[in-house]
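Engineer: Everything below, folded, please.
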Amino acid sequence: MMLMSRSLAVRCLWILLCGGLTACGSLPLTQGSDPPELIPTRHFVADWNASGAYQLSPDGQWLMWAARLGLGQGLFVKNLQTGQVQEHKIAAVGQWARDSRHILLHLQRNGDENAQLWALDVLKPDLPARNLTPFPGARSFLLRTLPRSDDLIIQSNRRDRKVFDLYRFDFATGDLRLLATNPADVAGWLVDDAGDLVARVRRDGQASQVHTRDATGQWQSAFRISLQDTLHFQRSSDKPGHWWALSNRERDKLALVELNMRDGAERVVHADARVDISQVLWSPRSRLPLAVRVEPDVQRWQAWDPAWQQALDQLRGVSPARVSILSISDDERWMVASVLRQDSGEHVLYDMQKHTWVTLAQLARSRWQTKSPLAAPQPRVFQSRDGLDLHGYLSLPVGQAHPHPAVVYVHGGPWARDHHLDGDAMPIFLANRGYAVLQVNNRGSSGYGKAFMEAARGEFAGKMNSDLSDALDALVAQGLIDPKRVAIAGGSYGGYASLVGMTHTPGRYQCAISTVGPTDLPDLLERMPAYWEFEKHRWFDLLGNPSDPAQRADMQRRSPLPLAHQVQGPVLLMHGVHDPRVSVSQAVRMAEALRLHGKPVELVLFDKAGHSLQRWQDRLLEFRKTEDFLARCLGGRSAGFDFFELGARLF
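Structural biologist: Alright, predicted model coming up:
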């Protein structure tokens, strides 16, 4: 399980407090010919008119989305026949149940990740949402809906926090029925379209065993999955005994395969030699794949049906764009998509019969650049010192001469990656403030195949760090970046990498920002959430086992905390108090160690946040702290105090 990845769905929901206010104040401008107008900080995190997470009900009769409601976040539901709109004061992204009547919501408290599954009945809008899994302190979530039933398949660790049992919820009776108890070693359950439990994945030492049921209902071992391989089950196939999956077994890249569940044999349906397949679009009618998405540099969709290829091509247009299909009606007449370009974007309702669409709403960035052009992220390929291709993106500030001050912005994970136009507002925000922003998919990043991920084994604070330096050096050599004005920043793994940059390569970066970043690797693994039990092997393989004295000592050498005395510049630490993945104590102890050695450090704690900052109030503070900190360190620009900060303190 990743420490953190950036979610476009979450970013679409940053809601603004009050409109019509202007920011004031500015720190010295970066030297350049004609810097663009500063975009107010609030526009990046708290847009009054922002909306997102649009979804059609399966029957195509209802449209749901999230947007501002009053001074907070709301859920909106529109009857497309009558035009009537419901408003619900709920701060969560919903998902339609198969009955096209209930909206399913995963709600948690202050980012503790102990989600409960709730259901909202749109035919009875005056009734409050109902908690389907009222188990305090447990983590419960929807595994899947069923195409021919209104029932829900749910997983919960209510009985044993380390593992998840399987349940079936019946909307008609309200009954939550136990389907299977986890014998303590099942990492995954497979339920077919009829709602029958047909397979399970059990962990066995250094492998996983797929078990299927025979004619008498007894479990039997079918085939083995090496822990170095990835097999993502997608859905059951209409071909008896087969399942669709993304797999890199006996190959380097994830491919779409049809898997024989009796012996594990695979039929490759589609593969890309450059990168993993990152998404499959499925037909609601045939249950067959419609299209696949790959992202070698910019996003590319390939469909089997010419009508779907036409639709995807129309939505993309002639300029680079990121097309996300958010929902498709059961009859495949309508789909909802978001189309994100560099300087614009929109949510659309697309008519597959007429191949036309109507705009539901403009994306936030369509309003950012009213007077300020936005930086365009450029795909780049760098060479690591040991010969690996490192893919990434460079955003250069508009209207300013180089060499630029720069921010190396590191993604979370580490099993994640940066994408082109991925919806993260931070690179555009930083470029508007006058910085070149470098994003590097260093070794260990996902999406580039098994070998590239495995190249990170044992390389925390090693080659994973030097990959960033190698990409930075290439841009310095090209005269684009001023090596004396470079900061490093990121969240989760990216926060760790930022502190590694300051402690293991002192003087390389002038300052660092770490958001929810680990500082003590043995402590990180020892405090893992109980339900990460089946992920421990990945971390032990990557980092080491803290119970082994020699490996523990090596992990300490690769931790920023013991090397706080080597830091040669200011550090900004930001952390959610309720973070279940990286304990807030990691940030507190790092701040204490830096202060002990006389190093400049600022610690900002968020008392209503966990491992990610989702409230607009927290995001506003994060962005404001970032721009002021970097302006002091690198001499870039800051819009200064934003009046929304007053509202953030009140609400």
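Engineer: so is the closest residue in space to residue 334 that isn't next to it in sequence in a helix, a strand, or just coil?
Structural biologist: Counting by CB to CB, 6 or more residues apart in numbering, residue 60 is the residue found nearest to residue 334 once chain neighbours are left out, at 5.3 Å. For glycine as for every other residue, the C-beta is placed from the backbone atoms N, C-alpha and C. Classification of residue 60 using DSSP: H, G, I helix; E, B strand; the rest coil returns coil.
Engineer: Summarise which helices and strands the longest helix seen in the chain is packed against.
Structural biologist: Longest helix in the chain by number of residues (criterion: DSSP state H): helix 616-634. Packing contacts for helix 616-634, counted by 3 or more CB pairs under 8 Å, 6 or more residues apart in numbering; DSSP states H and E, involve helix 42-45, strand 404-410, helix 425-432, strand 481-491, strand 511-515, strand 571-576, strand 601-606, helix 644-650.
Engineer: And the shortest one, how far out from the chain middle?
Structural biologist: Computed by CA atoms, centre = their mean, to the nearest Å, the separation of helix 42-45 from the middle of its chain amounts to 19 Å.
Engineer: Provide the contact partners of stretch 269-284 at residue level.
Structural biologist: Identification of contacts with stretch 269-284 by CB atoms under 8 Å, 6 or more residues apart in numbering yields 58, 147, 234-235, 244, 246, 248, 251, 253-258, 288-296, 301-303, 308, 325, 328-332, 446-449.
Engineer: Can you list the low-confidence ranges for the chain?
Structural biologist: 1-33, 366-371, 651 (pLDDT under 70).
Engineer: follow-up on the earlier one: what about the residue nearest to residue 334, distance to residue 83?
Structural biologist: Separation of residue 60 from residue 83 (CB to CB, to the nearest Å) stands at 15 Å.
Engineer: re earlier: right, and the helices and strands packed on helix 616-634 - which one's nearest residue 592?
Structural biologist: Proximity to residue 592 (CB to CB) singles out strand 601-606 among the helices and strands packed on helix 616-634, at 9.0 Å.
Engineer: now the angle from the closest one to strand 571-576?
Structural biologist: Strand 601-606 and strand 571-576 are oriented at 10 degrees to each other (axes from the mean of the first three to the mean of the last three CA atoms, to 10 degrees).
Engineer: Would you mind giving the orientation angle of strand 601-606 with respect to strand 511-515?
Structural biologist: Counting by the same axes, to 10 degrees, strand 601-606 lies at 20 degrees to strand 511-515.
Engineer: Quick check on the contacts of stretch 269-284: which are buried?
Structural biologist: 58, 147, 234-235, 244, 246, 248, 251, 253-258, 289-296, 301, 303, 308, 325, 328-330, 332, 446-449 (16 or more other CB atoms under 10 Å).
Engineer: In helices only, show me those residues.
Structural biologist: residue 308.
Engineer: From residue 63, how far out is residue 349?
Structural biologist: Distance from residue 349 to residue 63, by CB to CB: 8 Å.
Engineer: Common neighbours of those two, please.
Structural biologist: Listed as contacting both residue 349 and residue 63 by CB under 8 Å, 6+ apart are 56, 336, 360.
Engineer: Let me have those residues in a markdown table, extended by distance to residue 194, neighbour count and secondary structure.
Structural biologist: Compiled in a markdown table, these are given as follows (distance: CB to CB, whole Å; neighbours: other CB atoms under 10 Å; DSSP: H, G, I helix; E, B strand; the rest coil):
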| residue | distance to residue 194 | neighbour count | secondary structure |
| --- | --- | --- | --- |
| 56 | 25 | 23 | strand |
| 336 | 28 | 23 | strand |
| 360 | 35 | 17 | strand |
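Engineer: Closest one of those to residue 344?
Structural biologist: Using CB to CB, the shortest approach to residue 344 within the shared contacts of residue 349 and residue 63 belongs to residue 360, at 14.4 Å.
Engineer: ok so residue 536 is a helix residue?
Structural biologist: Yes: with three-state DSSP as the criterion, residue 536 is assigned to a helix.
Engineer: Wait, it touches residue 525, no?
Structural biologist: Yes: counting by CB atoms under 8 Å, residue 536 does reach residue 525; the two are 7.2 Å apart.
Engineer: With neighbour numbers in mind, choose between the two.
Structural biologist: residue 525 (20 against 14; other CB atoms under 10 Å).
Engineer: Pull out the buried positions in the stretch of helix or strand the more buried one belongs to.
Structural biologist: Residue 525 belongs to helix 521-526 when assigned by DSSP states H and E. Applying a neighbour-count criterion of 16+ other CB under 10 Å, the buried positions in helix 521-526 are 521-525.
Engineer: Find out how far that helix is from the centre of the chain, if you would.
Structural biologist: 23 Å.
Engineer: Ok, stretch 314-326 next?
Structural biologist: Counting by CA atoms, centre = their mean, stretch 314-326 comes out at 20 Å from the chain centroid.
Engineer: now stretch 515-526
Structural biologist: On CA atoms, centre = their mean, the centre of stretch 515-526 falls 19 Å from that of its chain.
Engineer: Over to stretch 104-122?
Structural biologist: 18 Å.
Engineer: Could I get the CA-only coordinates of that stretch as PDB?
Structural biologist: The C-alpha trace of stretch 104-122 is given here as PDB (Å, rounded to 0.1, in the frame of the first residue of the first chain):
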ATOM      1  CA  LEU A 104     -22.800   5.100  -1.300                       C
ATOM      2  CA  LEU A 105     -20.500   7.200   0.800                       C
ATOM      3  CA  HIS A 106     -17.200   6.300   2.600                       C
ATOM      4  CA  LEU A 107     -17.100   8.600   5.700                       C
ATOM      5  CA  GLN A 108     -14.200   8.900   8.200                       C
ATOM      6  CA  ARG A 109     -13.300  11.100  11.100                       C
ATOM      7  CA  ASN A 110     -10.500  13.600  10.700                       C
ATOM      8  CA  GLY A 111      -8.500  11.500   8.300                       C
ATOM      9  CA  ASP A 112      -8.200   8.500  10.600                       C
ATOM     10  CA  GLU A 113      -9.000   6.200   7.600                       C
ATOM     11  CA  ASN A 114     -11.400   4.100   9.700                       C
ATOM     12  CA  ALA A 115     -14.100   4.600   7.000                       C
ATOM     13  CA  GLN A 116     -17.700   3.500   7.400                       C
ATOM     14  CA  LEU A 117     -20.100   2.900   4.500                       C
ATOM     15  CA  TRP A 118     -23.200   5.000   4.400                       C
ATOM     16  CA  ALA A 119     -26.200   5.100   2.000                       C
ATOM     17  CA  LEU A 120     -28.200   8.100   1.000                       C
ATOM     18  CA  ASP A 121     -31.700   7.500  -0.600                       C
ATOM     19  CA  VAL A 122     -32.400  10.000  -3.300                       C
END
